[in-house]
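Enquirer: I'll drop the sequence and a predicted model, then ask my questions.
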Amino acid sequence: MGFLSPWFLAGLAGLAIPIYVHLLLRHTSTPRPVSSLMFFERGIQSSTRHRRLRYLILFVLRTALVLLVVLAFANPFIRRAKALRNDRLLLLVIDNSFSMRAGTRLSDAKQMALNVLASKPSSQRAQVMTLGSQLAILTQSTQDVKALRSTIEGIQSSDSRGNFGNLTHGLRALNETSHEPIDLHLFSDMQKTEMPANLADMVLPSNFALVLHPVIKTQAQSVIPNWTVESVEAPSRFADSKDSKKPSVRAVVAGYGTAAATRTASLVINGKAFATHKVEVPANGRALVEFPLVDVPYGFSRCEIRIDSADSFATDDTSIFSIRRSDPERVLFVHQATDSRSPLYFGSALAAAESSFVMQSISADQSSDIDPAKYAFVVLSDALVLPSIFENALIQYVRNGGSVLVVAGVSAGHRAHIPILDESVQDVHNYSRSNAFSSIGTVDFTHPVLQQVTSEGETSKGDTGWSSVKFYYASVVDPSHDRTIARLADGTPLLLDRQIGEGHVLLFTSGLENITNDLPLHPVFVAFVDHASRYLSGDDQLSGSRLVDSFIQLRAGSTKLSDQAESVEIIDPEGHRPLSLNEARTAQSFQLKRAGFYQIRFANGKQALIGVNPDRRESDLEPISDDILQLWTGSSSEEPATRAQRSARAEGPGRSSLWLYVMMFALVVAVAESIVAGYHLGMQREEV
């Protein structure tokens with residue numbers, strides 16, 4: 001037995017209090033008045049009987065209460081014999097992210113986990129998890145070694161990107177319900193790209209003892225050269241046009257830890273090699289290769305860019321995507337009869353963007369007999385006064401999955417109603433009256449209409465030319481029901497997006513001519529028209545490529561259950577249907593968890609073929625430096641077995657605190673003391 005806080009034993013001096021109360025404080029003399037002392041003889045009376053302890057039971061209870069309170073503060077404990085590791089949970093986490101497919105990394109990690117499992121005491125509990133994009137629990141804590149071993153042997157690699165931040169986040173969530181001591185053994189290639197941006201996101205709870213098992217043992221092994229197809233830029237739809245210039249596919253071939261080399265890149269369409277090029281890849285660098293699109297068959301085509309890397313990570317040597325070839329789709333452009341500039345500028349930008357659309361321009365007065373369902377999307381340019389039959393047809397067209405670009409123009413100042421949106425123009429800002437103009441204030445570059453892609457395949461964070469555009473006229477509308485994509489410097493909403501049913505309506509509060517702004521005179525106008533056309537027509541959703549673990553929207557989020565007459569259908573790369581009948585009727589989105597081609601039929605009836613690729617950050621096999629790993633584990637450069645023994649000895653011999661039991665006994669004594677003290681107090685009143 002021992003005391004965790006022995007200095008509190010000095011409080012035992014408080015035992016003198018009940019002794020003083022019961023031995024000395026009880027000796028009192030009460031003077032009695034008498035008439036004469038002549039009849040009293042002088043004598044010496046012994047006071048020994050006054051120094052005897054009175055009320056022994058009460059004295060014992062008070063002494064015991066003081067003693068127990070002092071012991072409780074001293075926190076006594078007893079040492080109990082036990083196995084050092086039996087009370088700690090053995091948690092085995094195996095990294096099965098995409099990079100673990102390189103060489104024999106996953107099989108090596110599984111063998112290491114089996115070795116640790118075999119060395120545990122039979123009475124110790126263990127649990128198995130995997131780490132990909134999320135922390136997955138494969139078993140509950142159990143002593144069944146056979147079940148744990150079978151689970152480890154059955155672990156398969158995933159196509160997800162690993163993240164050690166998700167490991168910590170998942171363990172913190174699990175730790176909220178249990179704070180038991182845990183020995184965490186992580187088996188991974190310790191890839192540098194799996195580190196979160198903030199190192200604090202890797203800090204584990206205090207009851208975890210982390211033991212790392214890198215599958216890469218030596219520095220020579222850690223430098224593994226790897227070539228990969230880092231990114232592919234291809235049109236989602238390909239249509240025949242009169243222009244002799246054909247669209248092309250551009251791919252970036254990257255090398256990680258590689259010397260300068262010549263790689264062979266091939267464009268494969270539906271299993272057939274259409275073109276092959278040699279590409280010079282510099283040391284640890286990138287090279288661009290371009291393939292013209294010729295003789296692409298009609299309909300959806302499964303395409304891929306393939307290289308001959310000859311490295312140990314052949315799985316990332318291919319990047320897949322899909323292309324849909326069709327006849328050019330028509331775009332309906334509705335404008336005022338007196339407006340000739342906006343159709344000219346928009347049509348020129350549509351042609352310069354090498355898009356697969358043919359524009360049909362009509363005035364608003366000619367739209368009565370037009371069926372918008374025959375067009376990929378509709379543009380209303382400064383034409384807010386429409387025939388009622390055409391406006392009703394547009395509303396139904398949008399609800400069924402069509403999209404419309406509404407350009408307010410200058411007519412918004414004369415008519416408060418905006419068609420389809422059923423909104424009113426609250427005010428107009430005519431900046432030109434004061435010989436001034438407004439410029440772009442804030443822009444949401446994450447929206448597909450304004451999203452720009454760099455040559456490295458990453459989304460641009462800059463303004464890409466919008467800051468130089470001058471705006472002379474803009475309408476003011478209520479943006480509370482819409483997603484605001486862009487605002488002017490004074491806060492006026494410039495570009496809004498609203499989903500209605502299965503379709504979208506974009507509202508541009510200025511104009512498309514060079515009177516309300518000079519946007520058509522800037523190169524960014526071509527990119528804006530190109531991105532808006534693809535977004536409104538839904539081309540990017542029907543084909544192209546995505547990353548593993550990304551989500552794709554199956555139906556409008558605002559669709560009510562009663563409106564969901566149509567079910568969606570998904571066929572994954574293995575040919576399975578991952579959605580149940582109920583999910584196919586109600587699911588709003590779907591996560592693409594595996595690499596390969598997905599065939600999708602959306603709720604609005606449109607068909608899609610999408611190629612899904614792993615995140616190419618997994619192709620950089622550079623491991624985390626040793627000093628970062630030591631900082632993460634809080635240990636020096638020790639072998640995993642040594643760290644495991646150290647973590648098992650961290651708590652030393654088993655200690656059981658007696659504080660709770662002492663306090664419970666003190667409570668009982670305090671209650672008994674109160675009862676006995678009340679009894680003796682009552683006796684004293686009777687004697688008096």
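Expert: Thanks, I have the structure now.
Enquirer: Run through the bridge partners of the nearest residue to V296 once chain neighbours are set aside.
Expert: Once flanking residues are discounted, V296 sits nearest to R325: 4.9 Å by C-beta to C-beta, 6 or more residues apart in numbering. To be clear about C-beta, it is placed using only N, CA and C from the backbone, and glycine gets the same treatment. Note on R325: beta-bridge partners by DSSP bridges are F238, G299.
Enquirer: how close does the closest residue to V294 other than its chain neighbours sit to V232?
Expert: Once flanking residues are discounted, V294 sits nearest to K246: 6.3 Å by C-beta to C-beta, 6+ apart. Distance, K246 to V232, by C-beta to C-beta, to the nearest Å: 17 Å.
Enquirer: So between these two, which is more surrounded?
Expert: More neighbours surround V232 than the other of K246 and V232, with 22 against 13 (other C-beta atoms under 10 Å).
Enquirer: Kindly provide the distance from the more buried one to N613.
Expert: To N613, V232 is 8 Å away according to C-beta to C-beta.
Enquirer: and what of A118?
Expert: 38 Å.
Enquirer: If you count surrounding residues, which of the two has more?
Expert: Neighbour count, other C-beta under 10 Å: between A118 and N613, N613 has more, with 23 against 9.
Enquirer: wait, doesn't the more buried one sit right on G544?
Expert: No. With contact defined as C-beta atoms under 8 Å, N613 does not count as touching G544 (10.8 Å).
Enquirer: Contacts only, for the residue nearest to V296.
Expert: Contact analysis of R325 by C-beta atoms under 8 Å, 6 or more residues apart in numbering lists 237-239, 296-299, 301.
Enquirer: Now pLDDT and neighbour count too, for those, in a markdown table please.
Expert: Listed next are the contacts of R325 as a markdown table, based on pLDDT from 0 to 100; neighbours: other C-beta atoms under 10 Å:
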| residue | pLDDT | neighbour count |
| --- | --- | --- |
| R237 | 82 | 25 |
| F238 | 80 | 20 |
| A239 | 78 | 18 |
| V296 | 85 | 19 |
| P297 | 88 | 11 |
| Y298 | 89 | 12 |
| G299 | 90 | 12 |
| S301 | 93 | 19 |
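Enquirer: Tell me the one of the residues you listed nearest D540?
Expert: R237 (9.1 Å; C-beta to C-beta).
Enquirer: what residue ranges in the stretch 451-600 of the chain are flagged as low confidence?
Expert: 452-464, 557-565 (pLDDT under 70).
Enquirer: repeat that with 90
Expert: Confidence mapping of the stretch 451-600 of the chain against pLDDT under 90 gives the ranges 451-467, 478-481, 499-503, 513-515, 530, 534, 537-544, 553-567, 581-583, 585-588.
Enquirer: Strands of that one, residue ranges please.
Expert: For the stretch 451-600 of the chain, applying DSSP state E, counting those that start in this stretch gives strands covering 473-476, 483-488, 493-500, 503-508, 545-547, 551-553, 569-571, 589-591, 596-601.
Enquirer: repeat for the stretch 151-300 of the chain
Expert: 182-188, 208-214, 226-233, 237-239, 248-256, 261-269, 272-281, 286-292, 299-307.
Enquirer: Could you export those as JSON lines, including distance to Y473?
Expert: Formatted as JSON lines, the strands of the stretch 151-300 of the chain follow (distance: least, C-beta to C-beta, whole Å):
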{"stretch": "strand 182-188", "distance to Y473": "58"}
{"stretch": "strand 208-214", "distance to Y473": "62"}
{"stretch": "strand 226-233", "distance to Y473": "36"}
{"stretch": "strand 237-239", "distance to Y473": "34"}
{"stretch": "strand 248-256", "distance to Y473": "39"}
{"stretch": "strand 261-269", "distance to Y473": "47"}
{"stretch": "strand 272-281", "distance to Y473": "49"}
{"stretch": "strand 286-292", "distance to Y473": "42"}
{"stretch": "strand 299-307", "distance to Y473": "43"}
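Enquirer: okay, now V526: neighbour count?
Expert: V526 - counted by other C-beta under 10 Å - has 18 other residues nearby.
Enquirer: Isn't it up against G347?
Expert: No. With contact defined as C-beta under 8 Å, V526 does not reach G347; the gap is 11.7 Å.
Enquirer: helix or strand for P448, which one?
Expert: Element membership of P448, judged by DSSP states H and E, is empty: it is in no helix or strand.
Enquirer: so who does it touch?
Expert: Contact analysis of P448 by C-beta under 8 Å, 6+ apart lists 531, 534-535, 540.
Enquirer: again with P614
Expert: Taking C-beta under 8 Å, 6+ apart as the test, what P614 contacts is 98, 159-161, 315-316, 547-548, 595.
Enquirer: Distance check, it against S107.
Expert: Distance, P614 to S107, using C-beta to C-beta: 19 Å.
Enquirer: picking up where we left off before, of all the strands of the stretch 451-600 of the chain, which one is nearest P214?
Expert: Checking the strands of the stretch 451-600 of the chain against P214 by C-beta to C-beta gives strand 545-547 as the closest, at 26.5 Å.
Enquirer: who's in contact with the closest one?
Expert: With contact meaning C-beta under 8 Å, 6+ apart, strand 545-547 is reached by 232, 234, 319-322, 552, 592, 610-615.
Enquirer: Any buried residues in it, and which?
Expert: Within strand 545-547, the residues that qualify as buried by neighbour count (16 or more other C-beta atoms under 10 Å) are 545-546.
Enquirer: How far does that strand sit from its chain's centre?
Expert: Counting by C-alpha atoms, centre = their mean, to the nearest Å, strand 545-547 is centred 17 Å from the centre of its parent chain.
Enquirer: partners of it in the sheet?
Expert: Strand 545-547 has its sheet partners listed here by DSSP bridges as strand 607-613 (parallel).
Enquirer: Next, the angle strand 596-601 makes with the partner strand.
Expert: Here strand 607-613 points in a direction 160 degrees away from that of strand 596-601 (axes from the mean of the first three to the mean of the last three C-alpha atoms, to 10 degrees).
Enquirer: Touching strand 607-613 from outside, list them.
Expert: By C-beta under 8 Å, 6+ apart, the surrounding residues in contact with strand 607-613 are 159, 300, 302-304, 319-322, 324, 541-548, 550, 552, 573, 592, 594-602.
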